[in-house]
Every structure is written in C-alpha cells, then in structure tokens.
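*Asks:* Have a look; sequence and predicted model below, questions after that.
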Amino acid sequence: MSKKRLMKQQEERDAFILLAPLLLLMLVFTVYPVLANFFYSMTKWKGFGAAEWVGFQNYARMFQDVKFWHSLKNLGVLILYIPAGVFIPLLIAAILRDGLKGWTFFRSVIYLPTILGYVILGTLFSIILSQTGPMVEVLSFLGVQDANTINLLGKSRSAIHTVAVIFVIFSKMGFGCIYFLSAMSGIDSGMYDAAGIDGAGWWQKFFHITVPSISFSIQFFLVLSFIEVFARMYSFIYTLTYGGPGFATFTLEFGIYRQGFQAFKMGYASSWAVVLFFFCSLIAAAQIQVLKKGDQLS
Amino acid sequence: MMNQNNRNLVSRTLVYLFLLLIAFVSLYPIYFSFITSFKTVQEYTLSKTALPEAWVMDNYAYVFRNLNFLSYLMNSVFLVFGGMIVYLFVCNAAGFALGMLRFRFKLSIFSFILFFQIFPQMVIAAQVYRICSRIGLMNSHFGLILVWVAYFAPFGTYIMSTYYATMPRSLIESARIDGAGVFRQLFKIMMPMAAPMVGTVSIVGSLAMWTELPFSLLLIQDPGKRPLSLGIAIMKGEHGIPIPILTAAILVSALIPLVAYFFFQKNIHMGSTAGAVKG
C-alpha cells in the first residue's frame, strides 16, 4: 500500500518536472503579459519609460473612437464569411474522399497557400489585386472597361470583403481540406454502401453520414476559424492593406499595433487589448467546451 | 438509363471544373511570383501575365547581393533549427505528462494551457517587449526563440498529448521497474514511439516559426539579425521596390518550406483527434 503511494508521489513529481519548462515559459511570456495588460490599460504610457495612472480615461476615449467601432464592425463582417470558410473545405474534402482520378494532386496543390504563410500571401495578393497588377490586365483583356478603377483593396467599401474572402475562405482552405480528409478517413465505409443501397444520393450521404460523423472536427475547425479572425490576422493585414485605405481594414489586433507601436499610445492600445482579451476568452471557453464534449480532455 | 449516365457525366465535369478552379487559385500566387521573378522591370511594366522573354537571374542576384537575403536566410535557418530543438523538447515533455501521467489538477492545468494559447501576439506584445528589454533579450535570437516557444508550444503540446494518451501505460510502468528516470522514459521510450506525431508537430512548429512576423518585428531591430519573413514585410513597406525583385525575394523565402513540403507531404497526417494545425 505504501509502495503504491510512493509510486503515486513519484508520478506527481515526474509530471511536475515535465510540465515545468512549458509552464515557466508561459508564465513569463504569455500569462504575465496578459495580466499586466489590465494594469497598463489604466495608464498613459508610451510603451517605454514611466506609466502614469489615468483610471478609465483610455476606455472612455476608446468608446468614442470611430476606429474602435469600425474595427468591431470589420470583425463582424469577417465572421459572416466563416460559414463559407468552413463549408467549402468540407465540401472539397468530401469530393476528394470519393477518390476520383487525380485526387492526391488536388490535395497537394490546395495546401500550398498554407505553406507560404500570411506574410507572403498578403504581399502577393496586394500585388495581384493592385491597380497595376495582373488582375487588371486579365480583366481588360476580357473586355472589362476601366478595369483599373475596380481596385478592390483600395476602396473602403470593398476592401474588408476582399480581405475576408482571401483570409477567411482562401487562405485556410488547404488546411481545412486536409484536416477534414483525415477526419473522414475514420468513417466506416459500410455506412455509405448501406445508404447507397437505400438509394441515397451524394448530397444525402454528405449531410446524413459525412457531416454528422465528423461533427467534432467541424466544431473544432469552426472555433479555430474564430481564433484566426480575432487573433491570427496581424501579419496578413500588415502586408495586404496595412489597415487601409484609411482605417477601412482595421481589426482590434491591427489597431493595437498601429496605436501602440506606431503612434506610441501604448496605454490606449492596451485598453483595446483588454477588449480583445474578452473576445478571445469567450472563444477559448468555447474551444474547451468542444474538446470536453469530444472527449479530448480527460 | 441513358439519362442517368448523362447526368453523371455532367456532374463529374462540374466537379472537375470546380476542383480545377480551386487548384488554379491555389497555384496562381506561386506561378505569378515565379514568372515575375525572372522578368526585367521593363518587361513587368509591359505585361504582368506574359512569360519572361529571357529568364534573367538578375533579380535573384540583386536580392542576395544588395538586399542581405543571404544573411536573412541564415538567420531563419538558425532560428527555426534552434527553436525546434527547444520546441520539441517542451511539447513532448508536457505532452507526455498531460497525455499519460496521472497527477492532481491535471484538467485545470490543461485548460489553463489551452486558454492562454489563444491570445493574439498583439495582446501580449507590449509586455513581451518590456520584459525582453528589461532582461536583455532584445535583438537576441535566443530571446526570440524563447518567446516563439512560449507562444507556439501550447498547441504542439496539445497535439502530442492526444497521441501519448493513446499509448499503453504499461510502457512507463515497466520502464520504472527498470529504474529509468523520467527523462530517460521520455527520450528513450516515449518520443521514439511517438515518431509519426513528432513529425507532424515538427512541420507545424517549423512552419509557424518560419513565417512568424509580429514578434520578430518587435524584438529584432538590428538589420543583421532579421529573419526572412521580417525581411519580406519590411521590403513590402518600402516604396518603389520593383515587383520582380520582391517576387524573387518571396521565392527565396518560400523555397525551403516548399521543397520540404514536397518531400514530407505524406507525413502530414493528422489524426482526427489531433486538433488543428496552426501555430
């Protein structure tokens, strides 16, 4: 009995030793910064030097800042594209799963944008869609009048929608596709055979077998899409539009960079970061719920 | 019957058209960079879509000779290589503990790790900057590696833990009877057996580091220490840089990941459990 307890103690100590490097790094470089941010959001601070306590002034200013509300509105627009951003890779994966000729080629090619990363994708699309880019040339060739005035990224009305299509739908398509494909490989193919005998068509099989069978993966990917929109867009915006034209493609994340690191209003930027903190906390809670339901945390 | 066949043919054609469209859109950015990077500036001004006439290498020469890309490339290789050693150690150690060992507060610790990995770089950037300048880790590759690992390892840990959770506990029990300490268990038994997932996590982690921008932008101000992604982002911000030179720089920076993908793509297997694959 006491030997068993000794083993148990030993195992606890082992676990602690193994977890120490990760927890230590996280405490210094994520946990402390997240918490300290609350304090600095109540100060006037340039990002260096002394911070001066100002109470809720930053927040009062934030709620009157048109850039802040515009960033929230942009995040709302981006969210509207998430359903398509989940459905399209799901559909492609379901098609590729049927194993039609050349499916491995498509699977490889679709993943390529993911390999490039957001810095390169943002840079390239800013060139491709620019007023002097290949897009204009192709459209003019096809007979579109004044193609260079379309300027999708240069007009405030179309810019955020263009960003949304490229980021929410296009840039994560390859990853989603491979992720869903591997989830689908676990589905028992007997189910499809049985449904086929009953006369079910492709779409019926898709909605009644494929989708329910991988519902955990779909939910997880959905949560990830929210994370990407709220918390992983910075490098993409930086290279694609730099938040412009004006502040038409600001998100909370990019706003923090512009105000904190470009205009040196770091105390003020910290109050934006606190708002972003609350959005991310909601997403994190949703993620932990999904994992618990999917029996991934035990 | 005939009607049925016709319908099949039509839907098959539509499916292929759809897939070809997707493949075209996915390939076009790389194709565009490729042809543009061999053009002269005059040629590019004349046509953005035509193939280059002479396929000149001047843009690449310029990128290496005048823009310091050789040094960026070396910095990226060093940073990602060093970063991956620390990252794999941290992810496997913590993943082993969370996936297999039994201890108090496990669920709370796991939730804690998952919770804090979500925040965007910008929420923590100001404080990370402050901490790094306080303890002398500004402009330091070592400092950037620590920050990267702190930021990217929680996700890798989660993926590893799902894999270790499927391995039998008898493995560590027999190792303990042989008197193996915890690190011997980790390096000699657990990690070799988890090799496929270590491969997946390596791809995920190295790609995340190779393409990372915000932390390198804030922490590395010495031009001689910049990694590639930062080099590209800064070039993009400079006005008047010719597009053919920019695309050459982009291909230089994407070459290693693309070649690695070509060789290792069969290893990107993601168990349906293994969550997602983003840094």
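*Replies:* Sure, I can see it. Numbers count the residues shown, from 1 in each chain, chains lettered A, B, ... in the order given.
*Asks:* Single out the residue in the stretch 151-279 of chain B that lies closest to chain A.
*Replies:* residue B:211 (2.7 Å; Cβ to the nearest Cβ). Every C-beta, even on glycine, is put in place using the N, C-alpha and C of the backbone.
*Asks:* Now do the SS call for the spatially closest residue to that residue that is not a sequence neighbour.
*Replies:* Leaving aside its sequence neighbours, residue B:211 sits nearest to residue A:117 (Cβ to Cβ, 6 or more residues apart in numbering or on different chains; 2.7 Å). Using DSSP: H, G, I helix; E, B strand; the rest coil, the three-state assignment for residue A:117 comes out as helix.
*Asks:* Tell me where the stretch 101-250 of chain B has helices.
*Replies:* Taking DSSP state H, counting those that start in this stretch to define them, one finds helices in the stretch 101-250 of chain B at B:106-116, B:121-134, B:141-164, B:170-177, B:182-184, B:191-193, B:195-210, B:214-219, B:228-237, B:243-264.
*Asks:* show me what contacts the residue of the stretch 151-279 of chain B closest to chain A?
*Replies:* A:116, A:117, A:118, A:119, A:120, A:235, B:229, B:257 (Cβ atoms under 8 Å, 6 or more residues apart in numbering or on different chains).
*Asks:* could the residues you listed go into JSON lines alongside pLDDT?
*Replies:* Shown next, in JSON lines, are the contacts of residue B:211 (pLDDT from 0 to 100):
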{"residue": "A:116", "pLDDT": "93"}
{"residue": "A:117", "pLDDT": "93"}
{"residue": "A:118", "pLDDT": "94"}
{"residue": "A:119", "pLDDT": "93"}
{"residue": "A:120", "pLDDT": "94"}
{"residue": "A:235", "pLDDT": "92"}
{"residue": "B:229", "pLDDT": "93"}
{"residue": "B:257", "pLDDT": "92"}
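*Asks:* quick one: which of those is most hemmed in?
*Replies:* Counting neighbours by other Cβ atoms under 10 Å in any protein chain shown, residue A:120 comes out on top of the contacts of residue B:211 with 29 neighbours.
*Asks:* Quick one: residues contacting that one.
*Replies:* By Cβ under 8 Å, 6+ apart, the neighbours of residue A:120 are A:239, B:29, B:211, B:229, B:232, B:250, B:253, B:254.
*Asks:* For those residues, work out which two are farthest apart.
*Replies:* Largest separation among the contacts of residue A:120 by Cβ to Cβ: B:29 and B:229, giving 15.7 Å.
*Asks:* how is chain B carved up into domains?
*Replies:* B:1-28, B:68-267 (automatic domain parsing).
*Asks:* After the helix or strand hosting residue A:160, which helix or strand is next?
*Replies:* Per DSSP states H and E: residue A:160 is located in helix A:156-164. Scanning forward in sequence from helix A:156-164 by DSSP H and E, the next helix or strand is helix A:173-184.
*Asks:* who does the helix or strand following that following helix touch, helix- and strand-wise?
*Replies:* The helix or strand immediately downstream of helix A:173-184 is helix A:189-197, counting by DSSP H and E. Judged by 3 or more Cβ pairs under 8 Å, 6 or more residues apart in numbering or on different chains; DSSP states H and E, the packing partners of helix A:189-197 are helix A:202-205.
*Asks:* For the helix it packs on, the averaged confidence score.
*Replies:* Throughout helix A:202-205, pLDDT has a mean value of 91.
*Asks:* What helices and strands are in contact with it?
*Replies:* With 3+ Cβ pairs under 8 Å, 6+ apart as the test, helix A:202-205 has helix A:189-197 packed against it.
*Asks:* With only the CA atoms kept, save the helix it packs on in CSV.
*Replies:* Provided in CSV are the C-alpha atoms of helix A:189-197 (Å, rounded to 0.1, in the frame of the first residue of the first chain):
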residue,chain,number,x,y,z
SER,A,189,-17.3,2.9,-45.5
GLY,A,190,-20.0,0.3,-44.8
MET,A,191,-22.3,3.2,-43.9
TYR,A,192,-22.0,4.7,-47.4
ASP,A,193,-22.6,1.3,-49.0
ALA,A,194,-25.8,0.8,-47.0
ALA,A,195,-27.0,4.3,-47.8
GLY,A,196,-26.3,3.6,-51.5
ILE,A,197,-28.4,0.5,-51.5
